[in-house]
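Undergrad: what would the 3D arrangement of this be:
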Amino acid sequence: MALFGSKSVLGVDLGTAGIKIAELSRSGDRFELKNYGLLDFSVKESAGAPLSGAGVKISDDLLIGGLRDLLNRIKPSTKDAIASISSFLTFATVIEMPYLSAKDLEKAIPFEARKYIPIPLSEVVLDWSIINVKEFSQHPNVEIFLAAVPKNEAERYKNIFLSAGLNIKALELENIALSRVLIGDDNSPLAVVNFGGRSTSIIIIDKGFERVSRNYELGGFEVTKALSVSLGISFERAEELKKKEGLKGSSPFAEAAAPLIDMIIFEAKKTIANYEESKKTKIAKIILTGGQSQMPGLKEYFGQKIGKEILISDPLKKVSFTSALEDTLRSIGPSLAVALGLAMRKI
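TA: Modelled structure (predicted):
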């Protein structure tokens, strides 16, 4: 049975600070939003989540309970779901190889992959696709997008969804979902800064595929916490001010928030400069997305500091929905970007 047409599918983004769900049905190149939901983990639970070099780790029980609660609240019409898997937990890169037949590539890629994947191949689910053919005289090369997910993480995600009562149809890297919903047919090189609640990803996308991804354990939670300490106010009050004042003007709030935002901007500039130099190309624009991307003044501050065109993501541009939800959805759209991109995937 097709997952699109009269039947809808859920895109489920298990983030480091909450869960986002988007239910879409599809007609041609257009999508209709049938349902959506967001669940932010409480400050107490989120603050207590252990951190590791692999990123913020949320307990399985918290994820299962949160999924169940959110599903009970929004009551989607389907249990079929596409799930994102965090870039913290995966390995992805673009490699270049001599042009071979599909059969020969299938044999050769595991040997090449060992150079890039830091754990034994027997412990990962490996996937790849040809994304470009480069002609060099009589000897063309191919660019291959290579992705690997640890088998234990893949099984963990399947168990989480099964326990929550969902039918998981596919696991997808969150950066691929972002590319699908944000980039469309734009093949020019650009950068995406996914500014989330507990982490930030800086992604270079060229010819529609992720080329570089850098992940940092710094997000809106840390900004709010720093503001709370600096200004001597409660976390809840700092969160309110962040959403209301952001980086506008020269208020004490903006002065307290700026150093952390500057860290993200520094890493973005460095990542972009390295790519531009290595590929002899120019990245003209940066798309800001994620739950924190609509912080007042952030777009202008980014543009002033980085000297490039800054856009706020519009993941709803190919999605129809009732006009009564216009204001609400425009304000939370960037938060739903990954979930929407997942639900747009063809099975």
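Undergrad: can you pull out the helices in this protein?
TA: Per DSSP state H, the chain carries helices over the ranges 43-47, 60-74, 102-113, 151-163, 174-182, 220-231, 235-244, 252-279, 298-306, 326-332, 337-343.
Undergrad: what helices and strands are in contact with the fourth one?
TA: The helices and strands touching helix 151-163, judged by 3 or more Cβ pairs under 8 Å, 6 or more residues apart in numbering; DSSP states H and E, are strand 9-14, helix 60-74, strand 80-85, strand 124-134, strand 167-173. Yep, even glycine has a C-beta here, placed from its N, CA and C like the rest.
Undergrad: winner for burial among the ones you listed?
TA: Across those, averaging neighbours per residue (mean count of other Cβ atoms under 10 Å) puts strand 9-14 on top, at a mean of 27.
Undergrad: who does that one pair up with?
TA: Paired neighbours of strand 9-14 in the sheet (DSSP bridges): strand 18-27 (antiparallel), strand 80-85 (parallel).
Undergrad: compare these and give me the one nearest residue 74.
TA: Of all the strands paired with strand 9-14, strand 18-27 sits nearest to residue 74, with 6.6 Å by Cβ to Cβ.
Undergrad: show the contacting residues for residue 83.
TA: Contact analysis of residue 83 by Cβ atoms under 8 Å, 6 or more residues apart in numbering lists 12, 14, 157, 161, 168, 170-172, 342.
Undergrad: and what of residue 112?
TA: Applying Cβ under 8 Å, 6+ apart, the residues contacting residue 112 are 95, 97.
Undergrad: convert the C-alpha atoms of stretch 72-92 to PDB, please.
TA: Only the C-alpha atoms of stretch 72-92 are listed here, as PDB (Å, rounded to 0.1, in the frame of the first residue of the first chain):
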ATOM      1  CA  ASN A  72      -2.400  10.700  22.700                       C
ATOM      2  CA  ARG A  73      -2.700  14.400  22.500                       C
ATOM      3  CA  ILE A  74      -2.700  14.900  18.700                       C
ATOM      4  CA  LYS A  75      -4.300  11.600  17.800                       C
ATOM      5  CA  PRO A  76      -2.800  11.100  14.300                       C
ATOM      6  CA  SER A  77      -4.700   9.100  11.600                       C
ATOM      7  CA  THR A  78      -1.700   6.800  11.000                       C
ATOM      8  CA  LYS A  79       0.900   4.800  12.900                       C
ATOM      9  CA  ASP A  80       3.300   4.700  10.000                       C
ATOM     10  CA  ALA A  81       6.400   6.800  10.800                       C
ATOM     11  CA  ILE A  82       9.700   8.000   9.400                       C
ATOM     12  CA  ALA A  83      12.100   8.800  12.200                       C
ATOM     13  CA  SER A  84      15.200  11.000  12.300                       C
ATOM     14  CA  ILE A  85      18.400   9.800  13.800                       C
ATOM     15  CA  SER A  86      20.600  12.400  15.300                       C
ATOM     16  CA  SER A  87      23.800  13.400  13.400                       C
ATOM     17  CA  PHE A  88      25.600  13.000  16.700                       C
ATOM     18  CA  LEU A  89      25.000   9.200  16.400                       C
ATOM     19  CA  THR A  90      25.900   8.700  12.700                       C
ATOM     20  CA  PHE A  91      28.800   8.900  10.300                       C
ATOM     21  CA  ALA A  92      28.300  10.600   7.000                       C
END
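Undergrad: can I get the helices and strands packed on helix 151-163 in a markdown table with mean pLDDT and distance to residue 253?
TA: Listed next are the helices and strands packed on helix 151-163 as a markdown table, based on pLDDT from 0 to 100; distance: least, Cβ to Cβ, whole Å:
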| stretch | mean pLDDT | distance to residue 253 |
| --- | --- | --- |
| strand 9-14 | 95 | 29 |
| helix 60-74 | 93 | 30 |
| strand 80-85 | 93 | 32 |
| strand 124-134 | 86 | 43 |
| strand 167-173 | 92 | 35 |
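Undergrad: closest one to residue 291 among these?
TA: That would be strand 9-14 among the helices and strands packed on helix 151-163, by Cβ to Cβ, at 10.4 Å.
Undergrad: distance to residue 25 added to the helices and strands packed on helix 151-163, as JSON lines?
TA: Formatted as JSON lines, the helices and strands packed on helix 151-163 follow (distance: least, Cβ to Cβ, whole Å):
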{"stretch": "strand 9-14", "distance to residue 25": "8"}
{"stretch": "helix 60-74", "distance to residue 25": "15"}
{"stretch": "strand 80-85", "distance to residue 25": "12"}
{"stretch": "strand 124-134", "distance to residue 25": "26"}
{"stretch": "strand 167-173", "distance to residue 25": "15"}
